[in-house]
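Visitor: With the input below, show me the fold.
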Amino acid sequence: MVQTDISQTAAECADWRQALRSYRDELSHDKKELESRCRSTLSKDQLHQVEHLQNQFHIQLINIHDLKQAIKAHEHQLEAQPSPSEALLAHHEELYEKFAAMDATLQELRAEFNHFRSQTA
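Guide: The predicted structure follows:
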């Protein structure tokens, strides 16, 4: 039973890290697209949106990296213990909450960028 818990938590960590890699790739692509859209004439409001989006892309890429590293360290802790402690399981839940919050934030950022795309198409 405990071995299943460890393998399940490790699998969840791997899934989270894969999702974060996908988000990182998407944000990097969106950042390049944003830069290319800046080559055309934009209004003052659109320039403010560009600045906001650039800042958000930069911040969220850092956040993705940090969370990915925290999850990776957590995976190593899981592998090092024969059975997960209460503290380790609590930390797993905290990481899940951070992952879910980041997922929501990135969905909002995606919606903002899509809205910007529609305005500058």
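
Visitor: And the strand or helix carrying Gln60, how far out from the chain middle?
Guide: Here Gln60 is covered by helix 44-80, with elements defined by DSSP states H and E. In terms of CA atoms, centre = their mean, to the nearest Å, the gap separating the centre of helix 44-80 from the centre of its chain is 6 Å.

Visitor: ok, residues contacting stretch 102-119?
Guide: Outside of stretch 102-119, the residues within contact range by CB atoms under 8 Å, 6 or more residues apart in numbering are 19-20, 23, 26-27, 30, 33-34, 37, 46, 49-50, 52-53, 56-57, 60, 63-64, 67. Just so you know, the C-beta spots here come from the backbone N, C-alpha and C atoms, and that holds for glycine as well.

Visitor: Tell me the buried residues in the helix holding Gln60?
Guide: Within helix 44-80, the residues scored as buried using 16 or more other CB atoms under 10 Å are 46, 49-50, 53, 56-57, 60, 63-64, 67-68, 70-71, 74-75, 78.

Visitor: Which secondary structure elements does that helix sit against?
Guide: Using 3 or more CB pairs under 8 Å, 6 or more residues apart in numbering; DSSP states H and E as the contact test, the elements touching helix 44-80 are helix 2-37, helix 86-120.
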